[in-house]
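*Asks:* Whatever this is, show me its structure:
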Amino acid sequence: MRLALYQPDIPQNTGTLMRLCACLGVPLDVIEPCGFILSDKNLKRAGMDYIDSLDMTRHASWQAFSAAHEGARRVLMTTKSALPFTDFSFEADDILIAGRESAGVPDEVHEACDARVTIPMAPGMRSLNVALASAMVLSEALRQTGGFPAL
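*Replies:* Okay, here's the model as predicted:
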């Protein structure tokens, strides 16, 4: 299981997801360009010292990410899906992809993904914070696949 962030805009969300991945032992892919400078200063408050234990790979572009993970099943978390994440059957080697906070992902990325899942919400609500949404879906994926670290 991996989590990928497509061109993240907000350093605090990225830092929070770095901390989440470090704590859960899940590798993180950051697909650039980011909407901020990916530096310790911007991420330190949310990621704290946990990011020292993080398995993170930076990719210069969507194409570079795709080439590095050719053949892997890509699961996009999106509001543009009718499939609730709780009804999806995750696999241990899935890559969960979160879009930009400001714009999601372009059509090219949507089309390249093998599956699209959404989080059911109350009528009239548009979306959740990307860090919260990623934590919810990643937790379900790890639960289904037995991927949580042992206590």
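*Asks:* Please point out which parts of the helix ranked longest in the chain sit buried.
*Replies:* Taking DSSP state H as the criterion, the chain has its longest helix at helix 130-145. For helix 130-145, the neighbour count (16 or more other C-beta atoms under 10 Å) marks Val130, Ala131, Ala133, Ser134, Ala135, Val137, Leu138, Glu140, Ala141, Leu142, Gln144 as buried. Every C-beta, even on glycine, is put in place using the N, C-alpha and C of the backbone.
*Asks:* likewise stretch 17-30?
*Replies:* Those would be Leu17, Met18, Arg19, Leu20, Cys21, Ala22, Leu24, Val26, Leu28, Asp29, Val30, for stretch 17-30 by 16+ other C-beta under 10 Å.
*Asks:* Kindly report the same for stretch 97-106.
*Replies:* Across stretch 97-106, burial judged by 16+ other C-beta under 10 Å covers Ile97, Ala98, Gly99, Arg100, Glu101, Gly104, Val105.
*Asks:* now those as TSV including pLDDT?
*Replies:* Shown next, in TSV, are these (pLDDT from 0 to 100):
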residue	pLDDT
Ile97	98
Ala98	98
Gly99	97
Arg100	95
Glu101	92
Gly104	95
Val105	97
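*Asks:* which one of these is nearest Pro149?
*Replies:* Nearest to Pro149 among the buried residues of stretch 97-106, counting by C-beta to C-beta, is Ala98 at 21.1 Å.
*Asks:* can I assume that closest one is in contact with Val75?
*Replies:* No. Here Ala98 does not reach Val75: they are 10.3 Å apart, not a contact under C-beta atoms under 8 Å.
*Asks:* would you list every one of the strands in the protein?
*Replies:* 2-6, 28-31, 56-59, 74-77, 95-98, 115-117 (DSSP state E).
*Asks:* so where is this structure shaky, pLDDT-wise?
*Replies:* Residue ranges of the chain with pLDDT under 70: 40-48.
*Asks:* which stretches of it form helices?
*Replies:* According to DSSP H, the chain carries its helices in the segments 11-24, 40-47, 62-68, 107-112, 130-145.
*Asks:* And these: which comes nearest Met56?
*Replies:* Closest approach to Met56 among the helices of the chain (C-beta to C-beta): helix 11-24, 6.7 Å.
*Asks:* rewinding a little: with Thr86 as the reference, name the closest of the strands of the chain.
*Replies:* strand 115-117 (8.7 Å).
*Asks:* No further queries at this time; thank you.
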